[in-house]
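Asker: quick check, what structure comes out for this input:
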Amino acid sequence: MVYLDEIDIKILRENFDEEMIQQMDEENIDRILDYLEKNDIDYAKDLLISSLDLFLLPAENFIKQFEKLKKELGDDFAEKLGEDSSLIEIMYQD
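Answerer: A predicted model of the protein is given here:
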């Protein structure tokens, strides 16, 4: 279950418009967060707050794109992404 505190919500509102925030589907986001947790991404909530648009993708699409990211970054993808969250942008590439 997604738990966002007041600070998280404030950051979301600073980074994204209300229309995008209203599109959040808790069940879908929970599936994505579970997947990220299984991939040792312990900063998944930070990714959610900074890259909400990716979390609006259907979970299957997110997972497909994240698998591409993992392949691109290699075995230490979790550490690389943790050190440079801008690498998440690889998921936007087709």
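Asker: please, where are all the helices along this structure?
Answerer: Here the chain has its helices, by DSSP state H, at 6-15, 18-22, 26-38, 44-50, 52-55, 59-73, 77-83.
Asker: dump the ones you listed to a markdown table, plus distance to residue 90, mean pLDDT and mean neighbour count.
Answerer: Every residue, glycine included, has its C-beta placed from N, CA and C. Below are the helices of the chain laid out as a markdown table (distance: least, CB to CB, whole Å; pLDDT from 0 to 100; neighbours: other CB atoms under 10 Å):
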| stretch | distance to residue 90 | mean pLDDT | mean neighbour count |
| --- | --- | --- | --- |
| helix 6-15 | 20 | 94 | 12 |
| helix 18-22 | 21 | 95 | 10 |
| helix 26-38 | 15 | 95 | 15 |
| helix 44-50 | 13 | 93 | 18 |
| helix 52-55 | 11 | 94 | 17 |
| helix 59-73 | 5 | 96 | 15 |
| helix 77-83 | 9 | 94 | 16 |
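Asker: want to throw these into TSV with distance to residue 89?
Answerer: Output for the helices of the chain, formatted as TSV (distance: least, CB to CB, whole Å):
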stretch	distance to residue 89
helix 6-15	15
helix 18-22	17
helix 26-38	16
helix 44-50	11
helix 52-55	10
helix 59-73	9
helix 77-83	11
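Asker: please name the nearest non-neighbouring residue to residue 45.
Answerer: What sits nearest to residue 45 in space, not counting adjacent residues and going by CB to CB, 6 or more residues apart in numbering, is residue 8, at 7.0 Å.
Asker: what's the distance between residue 15 and residue 69?
Answerer: Computed as CB to CB, to the nearest Å, the residue 15 to residue 69 distance reads 20 Å.
Asker: show me what stretch 77-94 is in contact with.
Answerer: Counting contacts by CB atoms under 8 Å, 6 or more residues apart in numbering, the residues outside stretch 77-94 that touch it are 39-43, 46-47, 50-51, 54, 62, 65-66, 68-70, 72-74.
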